[in-house]
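Student: with the input below, show me the fold.
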Amino acid sequence: QVQLVESGGGLVQAGGSLRLSCAASGRTLSGYEMGWFRQAPGKEREFVAAISWSGGITDYADSVKGRFTISRDNAKNTVYLQMNSLKPEDTAAYYCAADLSLRTVKSASRSPEVWGQGTLVTVSS
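Tutor: Alright, predicted model coming up:
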């Protein structure tokens, strides 16, 4: 069973940048599609970005397109989320998720096989 651990969250001013990492342990991410989700206080979890196993397919929520970039380094068993031009509305706990289905990691209504514990991102105005 793969375990996921996120890191890189923190406090940043609006307009700033952060890079989140999601490191896997227990087994490789071979074959796993990966996604990032976020949940703000009092709100439902929402999809942020997803990437296929090969890295050849990526997808983003409209709210982050052009500002966030998802990538992965399979040799390092790590997935990244580069977040630029951050806005106060990006404040949330960010979670990475893994599943064998790309469709599953692109939807907040589905249940990926594996979740990380989350990392908090706070964007001040």
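Student: just give me the neighbour total for residue 114.
Tutor: Residue 114 has 18 neighbours, counted by other Cβ atoms under 10 Å. All C-beta atoms are positioned from the backbone trio N, CA, C, and that covers glycine.
Student: residues in a beta bridge with it, which ones?
Tutor: residue 98 (DSSP bridges).
Student: got the confidence number for it?
Tutor: The pLDDT attached to residue 114 in the predicted structure is 95.
Student: cool, and residue 66?
Tutor: Among the per-residue scores, residue 66 holds a pLDDT of 98.
Student: how far away is it from residue 50?
Tutor: Residue 66 sits 16 Å away from residue 50, going by Cβ to Cβ, to the nearest Å.
Student: okay, these two: which has more neighbours?
Tutor: Looking at residue 66 and residue 50 with other Cβ under 10 Å, you find the greater number of neighbours at residue 50, namely 26 against 9.
Student: am I right that the more buried one is in a helix?
Tutor: No - when the secondary structure is assigned by DSSP: H, G, I helix; E, B strand; the rest coil, residue 50 falls in strand instead of a helix.
Student: what sits against it?
Tutor: Residues near residue 50 by Cβ atoms under 8 Å, 6 or more residues apart in numbering: 33-36, 58-59, 70, 102, 105-106.
Student: could you do residue 57 as well?
Tutor: Going by Cβ under 8 Å, 6+ apart, the list of residues near residue 57 reads 51, 102.
Student: ditto for residue 82
Tutor: With Cβ under 8 Å, 6+ apart, residue 82 has these contacts: 17, 19, 68-71.
Student: rerun at 7 Å
Tutor: Residue 82 sits next to 19, 68-69 when contact means Cβ atoms under 7 Å, 6 or more residues apart in numbering.
Student: for residue 13, same thing?
Tutor: By Cβ under 7 Å, 6+ apart, the residues touching residue 13 are residue 124.
Student: for it, list each beta-bridge partner.
Tutor: Applying DSSP bridges to residue 13, the residues it is bridged with are residue 124.
Student: give the buried residues for stretch 55-73.
Tutor: For stretch 55-73, burial by neighbour count (16 or more other Cβ atoms under 10 Å) applies to 59-61, 64, 68-70, 72.
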